[in-house]
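>>> what's the 3D shape of this:
(one chain, ligands or ions: 1)
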Amino acid sequence: MRYAETGFNLEIDLSRGNIEKIETDPKLTELHLGGLGTNAKILWDRVPPEFEPFSPDNLLIFCTGLLCGTPAIGCNRTIVSTISPQTQLMAYSMMGGFFAPELKYAGYDKVIFRGKSPNLVYLWINNEKVEIRDASHLRGKGAVETQELIRQELKEPKAHVAAIGPAGENRVFFASIEQGRSSASRQGIGAVMGDKGLKAIAVRGTKDINIARPAEFIGLCNDVLKYIQWRNENPIKNVEPIFAGLGSPQEMAIHDEKWHTTGFMWGNARTRRKDFWTKEVEKKWRETQESSRTRLISCYNCPMKCGALISVPGISRYMMKCYSKLTYTMAAFSDLDFGFKIAQRATEYGVDGFSCPQVMAFALELYEAGILTDQDMPGMPSDTEGRFYWLLDRIVRREGIGDVLANGTHWAAQQIGKGAEAYAHNNIKKHEQLPLKLGMLNPIYFLMYSTGEKINITQIEGQFPQEPLATREQREEFVKDWIQVPDEKFKQYFLDWDPRGEHSNPYYPTVEATCEIVDWMERMHYIDDALGVCAGLSSFPLKPPYHIHNYPAFISSGAGIDMDEAGLTQVARRNRTLVRAVNIRRGMRRADEKPPEDHWKKRFPELEEKLLDEYYKFKGWDNHGIPTKESLRELDLAYVAEDFEKRGIIRNEQS
Ligand code: SF4
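Next up, the predicted model:
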């Protein structure tokens, strides 16, 4: 019997219209657990680097995490993987909501798409009955609207639908996949879905999931629930409110935006407005938020309510969460009311709420600098808000300059030339990031930004605080109940970290300690992404309910796989290394591993090189960032070493 997983994948060939139900190999579950890990294995096996993102041979995989569909709290992530048109590397964007548990209840762990449909279609999974249906009548429809139209058409109000909007259909490089209360937005996976002629996937499932040792598993789930309740009533002391709790940042609940609006950058990630937050702004924004937010909502089996239904008069209701509350507002130097309104249109279009506003702010900066002119922007309104709507419409339709901007700032700058490259300044590996600019280099964040392959800082950072607490007493108080640390030494690293002086950034934490801290953060993310647990309850916040010490018991009692901390660490290393291997094979090297260029004012080139040198060694990678033969063999990835040798990647570069 298979536990936690169903043991079956759906394989859909969109070129031929073929549907197959395939039994999976349990050995792969033991090696990779599920989610991201097994997705990486499939992409490694079946999508060699010769295949372009828009090749019919590129795969688009919708995968549940191993524990999705079980009673594990907040375990609801669908991990969507493909080769990204934006970065040309492996993309693995994730969505919460209800889709993954529903797919499990229909009897499948993954849906794997290959080929391209000649006509626009959607997939309808209704337990055993799976069919490809015509979607030509849905062409050009919004991503949220499509979900409702499909539910009505199927007469199945309980179906969960993941859909693209016009941006995905038009292969905008930052197109998202929207689904109920969540979306998978990063790295242009919606563009690959559109390229395949797939408008949506609808799923309805009514089957059960087997749990290996149910009583033990439920006991663990109850412990997590109790911890969440306790933490909600006892926020962490001496840290900003945004770090004191759990879940994704509670942007829909909080009104005080001083931290973001005065600390983060406006426009094209350049302008800080230190005096922006006043009593008047606070009052106005509070009223806007209170009148627009109809209800706070949660993902499947989670009490955290990180999202909200937003309803602005004259436009249809949509779901918003996290920092996308501010991205349009701040990119346009506007106010919250504008942000809520344009985000509705952007959500229907199906675009990433981080990249899209930055691309528009980038275009306006180029216009102000005379690099783009009135000839490029015929008929563009004169006010900034009007310009944002004008640009959004053209990007999504790939009309005129919109066709260039739809490729994201990195590629658009190259196409535009005339010095535009200097304006695409907030990217990691060709992908737009949060508009943060800080003073002193933070060695931990330097390594996370540079080497993280989610290429998205918010999904790399985590349980180690972002900065030292002001006093030793506060730090002592913090470490007292820090049960999540994998080793006691991390408490000492934190205790000794001072805001100023010898033990402060950039030379403290030491290079060695920095490597260990970053490795811990990354390990937790890779475990979450294999299990399908929301990072908001594990790898992202300080002091979460899930951690390295209780995860093995969840896996053992839930999935029936004997697991301890060392074994789980090894699985996370294996998955992380395999993702890197996919990207190394696609040409990623040390030269690509850098943070956005002006993220910190004070940079330390020698230290940064040393950090990379030592981190690569720590991870078992050579000086180019390529996993060594020895480390690959130790992780049961000898087949990767053989492939690297055949391609000359190791022979030529590993010495
Ligand atoms: S913590 Fe928030 S984002 Fe995560 S599953 Fe719960 S409601 Fe969803």
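
>>> Could you use CA atoms for every contact and neighbour count after this?
OK.

>>> Let me know the secondary structure of Ala91.
Under DSSP: H, G, I helix; E, B strand; the rest coil, Ala91 falls in the strand class.

>>> Check whether Ile342 really touches Arg387, as I assumed.
No. Counting by CA atoms under 8 Å, Ile342 does not reach Arg387; the two are 11.5 Å apart.

>>> Up against the ligand, what does the stretch 251-400 of the chain have?
Residues of the stretch 251-400 of the chain lying close to the ligand (CA under 6 Å from any ligand atom) are 298-299, 302, 304-306.

>>> same thing but at 8 Å, please
Within reach of the ligand by CA under 8 Å from any ligand atom, the stretch 251-400 of the chain has these residues: 297-307.

>>> Repeat that for the chain.
Checking the chain against the ligand by CA under 8 Å from any ligand atom, the hits are 73-77, 96-97, 246-248, 297-307, 533-537.

>>> and with 6 Å instead?
So the chain meets the ligand at 74, 96, 247-248, 298-299, 302, 304-306, 534, 536-537 (CA under 6 Å from any ligand atom).

>>> where in the stretch 551-655 of the chain is pLDDT low?
Low-confidence segments of the stretch 551-655 of the chain (pLDDT under 70): 652-655.

>>> If we use 80, what do you get?
651-655 (pLDDT under 80).

>>> sorry, back to before: same list (the residues of the chain next to the ligand) but as CSV, adding neighbour count.
Shown next, in CSV, are the residues of the chain next to the ligand (neighbours: other CA atoms under 10 Å):
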residue, neighbour count
Gly74, 29
Gly96, 25
Gly247, 24
Ser248, 22
Ser298, 19
Cys299, 23
Cys302, 21
Met304, 21
Lys305, 17
Cys306, 23
Cys534, 26
Gly536, 23
Leu537, 26
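
>>> how about the residues of the stretch 251-400 of the chain next to the ligand, which pair is most distant?
By the measure CA to CA, Asn301 and Gly307 form the most distant pair in those, at 13.8 Å.

>>> Comparing those two, which residue is more hemmed in?
Taking Asn301 and Gly307 together and counting by other CA atoms under 10 Å, Gly307 has the greater number of neighbours (25 against 17).

>>> Please name the spatially closest residue to the more buried one (chain neighbours excluded).
Counting by CA to CA, 6 or more residues apart in numbering, the nearest residue to Gly307 once its immediate chain neighbours are dropped is Lys321, at 4.4 Å.

>>> Return the backbone torsion pair for that neighbour.
Per-residue torsions, Lys321: phi -150, psi 160 (degrees, to the nearest 10).

>>> Next, name the residue at the spatial heart of the chain.
In the chain, the residue lying closest to the centroid (CA atoms, centre = their mean) is Ser93, at 4.7 Å.

>>> Ser182 is in contact with that one, correct?
No. Here Ser93 lies out of contact with Ser182, judged by CA under 8 Å, at a distance of 11.5 Å.

>>> In the stretch 51-200 of the chain, what residue lies closest to the ligand?
Gly74 (4.3 Å; CA to the nearest ligand atom).

>>> Show the pLDDT at the closest residue to that residue other than its chain neighbours.
Closest residue to Gly74 apart from its sequence neighbours, by CA to CA, 6+ apart: Cys302 at 4.7 Å. pLDDT for Cys302: 94.

>>> Which strand or helix spans Ile61?
Using DSSP states H and E, Ile61 falls within strand 60-64.

>>> For the helix or strand following that strand, give me every contacting residue.
Where DSSP H and E defines the elements, the next helix or strand beyond strand 60-64 is strand 78-83. Applying CA atoms under 8 Å, 6 or more residues apart in numbering, the contact partners of strand 78-83 are 35-36, 39-40, 43, 52-53, 58-65, 89-96, 99-100, 184, 189, 192, 529, 532.

>>> hmm, 7 Å instead?
35-36, 39, 53, 58-65, 89-96, 99-100, 189, 532 (CA atoms under 7 Å, 6 or more residues apart in numbering).
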